[in-house]
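> coordinates for the following, if possible.
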Amino acid sequence: MEKETFIYKRKLDGIVREIYEKFNVRIIFCEIFGNRWSWLAGSDEYFMLQKRVRISDVLGFIVEDGVDENLLHQVKTSVACSIQ
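Numbering: from 1, shown residues only. All right, here's what the predicted structure looks like:
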């Protein structure tokens, strides 16, 4: 179980790097437990202003506030394609 979790986190870290290189946007992947979003992978910096994007019932990402809607849509699409 720990090995699978480690591999999954490494994949998510790779997606975070890819998003930053492609769009110059920092994201943090989170595991969702009801209203609580718990850090899973990505930047270890806290974003003071942020926007939450739910990918599924248990996975989402946080993006810095100030990212325009068009760019956010591109990031969402890229993340969705990378996770599958």
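
> name the element residue 73 belongs to?
helix 69-83 (DSSP states H and E).

> now do that helix, average pLDDT.
Throughout helix 69-83, pLDDT has a mean value of 92.

> just the buried positions in that helix, please.
For helix 69-83, a neighbour-count test (16 or more other CB atoms under 10 Å) marks 74, 75, 78, 79 as buried. Bear in mind the C-beta positions are built from the backbone N, C-alpha and C, glycine included.

> now, which of those residues sits nearest residue 23?
Nearest to residue 23 among those is residue 75, at 5.6 Å by CB to CB.

> give the contact list for that closest one.
19, 23, 25, 27, 63, 67 (CB atoms under 8 Å, 6 or more residues apart in numbering).

> beta partners of residue 28?
residue 42, residue 62 (DSSP bridges).

> buried stuff in stretch 60-70?
Within stretch 60-70, judged by 16+ other CB under 10 Å, the buried ones are 60, 61, 62, 63, 64, 67.
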